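sharing a model prediction with you, sequence too.
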Amino acid sequence: MKKFALIGKPISHSQSPKLFREAFPDGDMTYDLLERDTVEESVTELKANGYCGANVTSPFKESVMKFVTDPDEITKTLNAANLILFKGDKIFSYNTDYLAVRRMVRECEGIRSAIVTGCGGAAKAATLACRDEGLETIITNRTLKKAEIFAEHIGIKAVSIADANILLKKTDRDTLVIYAIPSPDGILSETLKKGEKGFTVIEANYKNPCLNPESGLKWLKYQASESFRIFTGTTPRE
């Protein structure tokens, strides 16, 4: 039986075990919540107890990279991973947030540009996904410098929250907004709630949503599906 887990803190609310149990109804794998104070404790326990891999959530998405021996191109670019695999002495890394958002973008018809709010692990993955899907992509964040550093790294533009708000109010074409910040009533939410023209909102926060709860659950489902595929080399039973 293969063993997988989720590492991060806090994770008691996670839907991941339920999703993986549904994907493996025959019980040929286990999926645990492994909540420890540090990423070092988490990775040590995974290796000591024979886990094949793990999903990684906040606050370990960036710090887990110091243990990775073989990052894929996406996690290398992002310097963040939300999935690791153990193969012998090697640790491979992947980012299923990136894969999930690319899939969601392809489902949005007529979208030509994207504004991503936030600059954490999920937001960075979403920003790169939008860029790679050919959208004119902008990132904004409460700390503009952080957004500017990442924007320069991947060759896009960063703007202040005030400027992003102006862009949203003036847009005359279909725009995708990736709302990837923790607070449900944070930056830009008032503008977005008014339903200004041209907005399609994808919201990462499925636990406490304010804009598009269905999109947060879809994001979760899609990234779990990609995790399953990477863990097993197969597609999940849906």
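Nice, thanks for sending it over.

when you work out contacts or count neighbours from here on, use the C-alpha atoms and nothing else.
OK.

residue 143 is in contact with residue 159, correct?
No: between residue 159 and residue 143 there is no contact under C-alpha atoms under 8 Å: 10.3 Å.

my read is residue 9 is in a helix, agree?
No: read with DSSP: H, G, I helix; E, B strand; the rest coil, residue 9 is coil and lies in no helix.

for it, which non-adjacent residue is spatially closest?
Using C-alpha to C-alpha, 6 or more residues apart in numbering and skipping residues adjacent in sequence, the residue nearest residue 9 is residue 35, 5.7 Å away.

re the thing from before, which one's more surrounded, residue 159 and residue 143?
Legend: neighbour count by other C-alpha atoms under 10 Å for residue 159 and residue 143, higher for residue 159 (19 against 12).

per-residue pLDDT of that one, please?
Residue 159 is assigned 95 on the pLDDT scale.

got a list of what it touches?
138, 139, 140, 141, 144, 147, 148 (C-alpha atoms under 8 Å, 6 or more residues apart in numbering).

now swap in residue 100 and tell me
219, 222, 223, 226.

export these to JSON lines and tack on pLDDT?
Shown next, in JSON lines, are the contacts of residue 100 (pLDDT from 0 to 100):
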{"residue": "219", "pLDDT": "90"}
{"residue": "222", "pLDDT": "92"}
{"residue": "223", "pLDDT": "89"}
{"residue": "226", "pLDDT": "92"}
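
out of those, flag the one nearest to residue 88.
Within the contacts of residue 100, proximity to residue 88 (C-alpha to C-alpha) peaks at residue 226, which comes in at 22.3 Å.

do you have the helices of this structure handy? List them.
Secondary structure of the chain (DSSP state H): helices located at 16-23, 39-48, 73-78, 96-107, 121-132, 144-154, 161-170, 189-193, 213-232.

which one of these is the most hemmed in?
helix 121-132 (a mean of 24; mean count of other C-alpha atoms under 10 Å).

report the inter-axis angle for that helix versus helix 96-107.
40 degrees (axes from the mean of the first three to the mean of the last three C-alpha atoms, to 10 degrees).

now helix 121-132 and helix 144-154, what's the angle there?
40 degrees.

so what does helix 121-132 touch, helix or strand wise?
helix 96-107, strand 113-117, strand 136-140, strand 175-179 (3 or more C-alpha pairs under 8 Å, 6 or more residues apart in numbering; DSSP states H and E).

make CSV from those and add mean pLDDT and distance to residue 61 to it.
Output for the helices and strands packed on helix 121-132, formatted as CSV (pLDDT from 0 to 100; distance: least, C-alpha to C-alpha, whole Å):
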stretch, mean pLDDT, distance to residue 61
helix 96-107, 95, 11
strand 113-117, 91, 18
strand 136-140, 95, 19
strand 175-179, 84, 18
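
so can I have CSV of those showing distance to residue 89?
As requested, the helices and strands packed on helix 121-132 are exported to CSV (distance: least, C-alpha to C-alpha, whole Å):
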stretch, distance to residue 89
helix 96-107, 23
strand 113-117, 37
strand 136-140, 37
strand 175-179, 37
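
of those, which approaches residue 212 most closely?
strand 175-179 (9.2 Å).

low-scoring stretches of this structure, by residue?
Residue ranges of the chain with pLDDT under 70: 23-27, 171-173, 182-198, 206-210, 234-238.

so what's residue 17 up against?
Contacts of residue 17 (C-alpha under 8 Å, 6+ apart): 31, 32, 33.

only whichever of the residues you listed are buried, select them in ChimeraX.
Per 16 or more other C-alpha atoms under 10 Å, the buried members of the contacts of residue 17 correspond to this ChimeraX selection:
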select :31,33
